[in-house]
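S.K.: What would the 3D arrangement of this be:
(one chain, ligands or ions: 2)
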Amino acid sequence: MVISKICCIGAGYVGGPTCSVMALKCPNICVTVVDRSAERIAQWNSDKLPIYEPGLDDVVKKCRNVNLFFSTDVETAIREADLIFISVNTPTKTFGNGKGRAADLKYVESAARLIAEIAQSNKIVVEKSTVPVRAAESIMHILRANQKPGIRYDILSNPEFLAEGTAVDDLLHPDRVLIGGEETSEGHQALEKLSWVYQHWIPKENIITTNTWSSELSKLAANAFLAQRISSINSLSAVCEATGADVSEVARAVGLDSRIGSKFLQASVGFGGSCFQKDILNLVYICEGLNLPQVAEYWQQVIHMNEYQKTRFSQKIIECLFNTVSDKRISIFGFAFKKNTGDTRETPAITVCKTLLEEGAKLDIYDPKVEPEQIIDDLTHPCVTDSPEDVKKAVQIHSDPYSAVRGTHAIVLCTEWDEFIGLDYKRIFQSMMKPAYIFDGRKILDHDHLQQIGFHVQTIGKKLNRSSGLLRSWGSIPQL
Ligand SMILES: NC(=O)C1=CN([C@@H]2O[C@H](COP(=O)(O)OP(=O)(O)OC[C@H]3O[C@@H](n4cnc5c(N)ncnc54)[C@H](O)[C@@H]3O)[C@@H](O)[C@H]2O)C=CC1
Ligand SMILES: O=C(O)[C@H]1O[C@H](OP(=O)(O)OP(=O)(O)OC[C@H]2O[C@@H](n3ccc(=O)[nH]c3=O)[C@H](O)[C@@H]2O)[C@H](O)[C@@H](O)[C@@H]1O
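M.R.: Ligands and ions are numbered 1, 2, ... in the order given. Have a look, this model is predicted:
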C-alpha cells in the first residue's frame, strides 16, 4: 500500500496516544504529530509527557525519534504526508450562534485551510476530531475550493472511541474501528488505505465501514448512549436514597440481563470529561437545527440529570454538615474527572468545590495526578468565581492525602482513585474534627469499616444506617 507518511494535526489527548500506538504497530510508517503549541510539543519530546495515561510512556519511548516524531513544523509534516489526521479540539461554542451548544469548528477549519494552502500532492484527510454530522462536507468545500491543479483530496471520517485512563489499551484492542467515506470508487480506495493502516494490529472484521455521515453521527450517538446510561442509573440513585433500595444492587440485577449489560452502570457524583456534555449538546443543537425538538429535548435530559446529580451531591454535603460549611475545612479527595488521568475538563469536582466555596468553606484538595496550578486555574475561572483572590485564600492543595485531612470536618471523595481505597482511615479519623464525615461520591470505600471507626458516611444511591440523627435526611420523601 502507499501510505508511508502520516501527519496528525493536534497533539492532544487523542492525537498523541493514537499516533503513538499507530507508530508502535506500523514500523513501516513514519508518523509525525504536529501542534501549534510549542509548549505541548516540547512536553511530548521530554521525559514528562503532557498527559498522564497508563502505559503511554513506554510506547512513546519505544518509537519516539524512530518512526514517531512530535513537531511544531506543521507545514513540512503536511507537505510530506500521504494521510493527515485532523485531531484538533472541537469545544462547545462560547459565543455567537449556537453559544453553549454547537461545536466550535474553528480549529478544524483552520487545519483544513492549512492543508489546502500547503499540500502539493494528493492527500487523504481524516476527520479524527468529534464533529457535527456533515462536517466533512465543510472540510471538503474548503479543500476543493482551494485545490491546486493535479492534487486530489479524499475525506474520511474516523472517529476515536478511546477513553482517558485506558487509552493505550483501548487503542491496542478497540471494540471496533469505524471509517466513513464517500460512496465512490475513489472514496472506497481511500477508505481501504486507512483500513490497511489499522490492519497492522486490528483484525479486519473489527474495522467497520459506513458512509461519512453515519460515521460522524455514530460517534455522537455512542457518547450519548454511554452518558445516558450514567444519567439513568444516577436518576435511580435518588430513588434508592429515598426508599432504602441500594443502587449497586439495582445496577447488578439490571445489568445481568444480557440485553442491558453491566457496563457504565456505576452511579456517581455525575459524569465529567471533555466530551460527554459537549457531544450531547452538539447533538441537541443539530436536532434543533433539523426541527426535531422532541429528539433534542430527549437528549438534553441526559445533561439535566447530570447537573441534578452534581447539585444533589453538593447540597447533601452542606445539609449533613448542619446546613453550614462556612469556615469549615473540607478535604476533597480527587479532582480529575475519573481515575488514571490528570484531566480535569468538566470534572464534577469543580461543581462540588464551587458550591462549597460559595458557602464559605475552606478546601484542602488532594489529587495524585492533577497539577496544583490546574486546580487553581479551574477554581478561579470566571465560570466558578468572580473573586479569584478569595478562592486562592480558601483553597490549599496537598501532595499527600494525610496532610489534606488534618483538622478537617469532612472528606468528599470526587474521583475513584484506587489509592483512596487503601488509606489508613483510622489514622485519618484521629486527625479530623469530630463528628467526622465522609461523602463517598464514587461508592468505592468500605462503608461498614468506616462506620466502625466512627465516621458518619454518606454515599450515592444508598441510605446508610448510621448517619447523624440530628440531620435532615438527604433525599427524604414523604412517608408512603
Ligand atoms: N479526550 C478524549 O478522550 C477524546 C476526544 N475526542 C475528540 O478528539 C478531538 C481532540 O480532543 P483532545 O485530544 O482531547 O483535545 P486537546 O485539546 O487535548 O488537543 C487538541 C490539540 O489541537 C491543537 N490544535 C488546535 N488547532 C490547531 C491547528 N490549527 N494546528 C495545530 N494544532 C492545533 C491544540 O493546540 C491542542 O494541543 C475532539 O474533537 C474530541 O471531541 C474523541 C475521543 C476521545
Ligand atoms: O469522546 C470521548 O471523549 C470519549 O468519552 C468517553 O471517555 P472518557 O470521557 O475519557 O471516560 P469515561 O470512562 O467514559 O468516563 C466519563 C465520565 O463518566 C463517569 N462514569 C463512567 C462510567 C460509569 O459507570 N459511571 C460514571 O459516572 C466517569 O467517572 C467520568 O467522569 C467515552 O467512554 C469514550 O468512548 C469516548 O471516546
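S.K.: alpha carbons only for contacts and neighbour counts from here, please
M.R.: OK.
S.K.: Let me know the distance separating Val325 from Gln430.
M.R.: 20 Å (C-alpha to C-alpha, to the nearest Å).
S.K.: Between these two, tell me which one has more neighbours.
M.R.: Val325 (22 against 15; other C-alpha atoms under 10 Å).
S.K.: what's the pLDDT at the more buried one?
M.R.: Confidence at Val325, expressed as pLDDT, is 97.
S.K.: ok, which stretches of the stretch 351-480 of the chain are helices?
M.R.: Ranges of helices within the stretch 351-480 of the chain are 372-379, 388-394, 401-405, 425-431, 447-453, based on DSSP state H, counting those that start in this stretch.
S.K.: Repeat that for the stretch 201-350 of the chain.
M.R.: All helices of the stretch 201-350 of the chain, identified by DSSP H, counting those that start in this stretch, fall at 212-243, 247-255, 276-289, 293-320, 348-358.
S.K.: hmm, the longest one touching ligand 2?
M.R.: Put plainly, it is helix 212-243. Yes: applying C-alpha under 6 Å from any ligand atom, one finds helix 212-243 touching ligand 2 at Asn223, Ile230.
S.K.: and of the helices of the stretch 201-350 of the chain, who's closest to ligand 1?
M.R.: helix 276-289 (7.2 Å; C-alpha to the nearest ligand atom).
S.K.: so who does His409 touch?
M.R.: Contacts for His409 (C-alpha atoms under 8 Å, 6 or more residues apart in numbering) come out as Lys328, Arg329, Ile330, Ser331, Met432, Met433, Lys434, Pro435, Ala436, Tyr437.
S.K.: For the third one, which residues are in contact?
M.R.: With contact set as C-alpha under 8 Å, 6+ apart, Ile330 has these partners: Ala361, Lys362, Leu363, Asp364, Val405, Thr408, His409, Ala410, Ile411, Val412.
S.K.: Who is it paired with across the strands?
M.R.: Note on Ile330: beta-bridge partners by DSSP bridges are Leu363, Ala410.
S.K.: Can you give me the distance of it to Met433?
M.R.: Between Ile330 and Met433 the computed distance is 10 Å (C-alpha to C-alpha).
S.K.: Please enumerate the shared neighbours of these two.
M.R.: Overlap of the contact sets of Ile330 and Met433 (by C-alpha under 8 Å, 6+ apart) consists of Thr408, His409.
S.K.: Give the burial count for Asn97, as a bare number.
M.R.: Using other C-alpha under 10 Å, Asn97 has 9 other residues around it.
S.K.: wait, what's in contact with the nearest residue to Val247 once chain neighbours are set aside?
M.R.: Distance criterion C-alpha to C-alpha, 6 or more residues apart in numbering; nearest residue to Val247, sequence neighbours excluded, is Gly461 at 4.9 Å. Counting by C-alpha under 8 Å, 6+ apart, Gly461 makes contact with Asn234, Leu236, Ser237, Ala238, Val239, Cys240, Glu241, Ala245, Asp246, Val247, Ser248, Ala267.
S.K.: circling back to that earlier point, make CSV from the helices of the stretch 351-480 of the chain and add distance to Met22 and mean pLDDT to it.
M.R.: Listed next are the helices of the stretch 351-480 of the chain as CSV, based on distance: least, C-alpha to C-alpha, whole Å; pLDDT from 0 to 100:
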stretch, distance to Met22, mean pLDDT
helix 372-379, 30, 98
helix 388-394, 42, 97
helix 401-405, 37, 98
helix 425-431, 43, 98
helix 447-453, 43, 97
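S.K.: what's the most buried one of those helices?
M.R.: Ranked by mean neighbour count, the helices of the stretch 351-480 of the chain are led by helix 401-405 with a mean of 21 (mean count of other C-alpha atoms under 10 Å).
S.K.: How much space separates the closest residue to Arg176 other than its chain neighbours from Glu160?
M.R.: Once flanking residues are discounted, Arg176 sits nearest to Asn206: 4.8 Å by C-alpha to C-alpha, 6+ apart. Between Asn206 and Glu160 the distance is 14 Å, computed by C-alpha to C-alpha.
S.K.: Now the common contact residues for these two.
M.R.: Val177.
S.K.: Is stretch 270-289 positioned near ligand 1?
M.R.: Yes: with C-alpha under 6 Å from any ligand atom as the criterion, ligand 1 is reached by stretch 270-289 at Cys275.
S.K.: got the contact list for that stretch?
M.R.: Applying C-alpha under 8 Å, 6+ apart, the external contacts of stretch 270-289 come out as 91-92, 98, 100-103, 130, 132-133, 220, 223-224, 227, 230-231, 234, 293, 295-297, 299-300, 303, 306-307, 309-310, 337-338, 343-348.
S.K.: again, but for stretch 20-40
M.R.: With C-alpha under 8 Å, 6+ apart as the criterion, stretch 20-40 contacts 3-11, 15-16, 19, 41, 50, 56, 59-60, 62-63, 67-74, 77, 168, 171-172, 197-198, 200-201.
S.K.: Check the residues you listed one by one and keep those near ligand 1.
M.R.: Within the set of those, contact with ligand 1 (C-alpha under 6 Å from any ligand atom) is found for Ile9, Gly10, Ala11, Gly15.
S.K.: can you list those in CSV and add pLDDT and neighbour count?
M.R.: As requested, those are arranged in CSV below (pLDDT from 0 to 100; neighbours: other C-alpha atoms under 10 Å):
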residue, pLDDT, neighbour count
Ile9, 98, 27
Gly10, 98, 27
Ala11, 98, 27
Gly15, 98, 24
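S.K.: and the residues you listed as CSV, adding distance to Ile84 and secondary structure?
M.R.: As requested, these are exported to CSV (distance: C-alpha to C-alpha, whole Å; DSSP: H, G, I helix; E, B strand; the rest coil):
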residue, distance to Ile84, secondary structure
Ile9, 7, strand
Gly10, 11, coil
Ala11, 13, coil
Gly15, 11, helix
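S.K.: Can you spell out which helices and strands pack onto the helix or strand bottoming out on mean pLDDT in the chain?
M.R.: Ranked by mean pLDDT, DSSP states H and E, the weakest helix or strand in the chain is helix 135-145, scoring a mean of 94. Counting contacts by 3 or more C-alpha pairs under 8 Å, 6 or more residues apart in numbering; DSSP states H and E, helix 135-145 is packed against helix 106-118, strand 153-157.
S.K.: Neighbours of Val352, how many?
M.R.: 22.
S.K.: what pLDDT does the nearest residue to Ile317 once chain neighbours are set aside get?
M.R.: Excluding the flanking residues, the one nearest Ile317 by C-alpha to C-alpha, 6+ apart is Phe439, at 7.1 Å. Among the per-residue scores, Phe439 shows a pLDDT of 98.
S.K.: ok, Phe439 touching Thr459?
M.R.: Yes: contact between Phe439 and Thr459 holds when scored by C-alpha atoms under 8 Å: they sit 5.6 Å apart.
S.K.: ok, back up a step: can I get the helices of the stretch 201-350 of the chain in a markdown table including mean pLDDT?
M.R.: Converted to a markdown table, the helices of the stretch 201-350 of the chain look like this (pLDDT from 0 to 100):
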| stretch | mean pLDDT |
| --- | --- |
| helix 212-243 | 97 |
| helix 247-255 | 98 |
| helix 276-289 | 96 |
| helix 293-320 | 98 |
| helix 348-358 | 98 |
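S.K.: export these to JSON lines and tack on distance to Val370?
M.R.: Converted to JSON lines, the helices of the stretch 201-350 of the chain look like this (distance: least, C-alpha to C-alpha, whole Å):
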{"stretch": "helix 212-243", "distance to Val370": "24"}
{"stretch": "helix 247-255", "distance to Val370": "29"}
{"stretch": "helix 276-289", "distance to Val370": "20"}
{"stretch": "helix 293-320", "distance to Val370": "20"}
{"stretch": "helix 348-358", "distance to Val370": "12"}
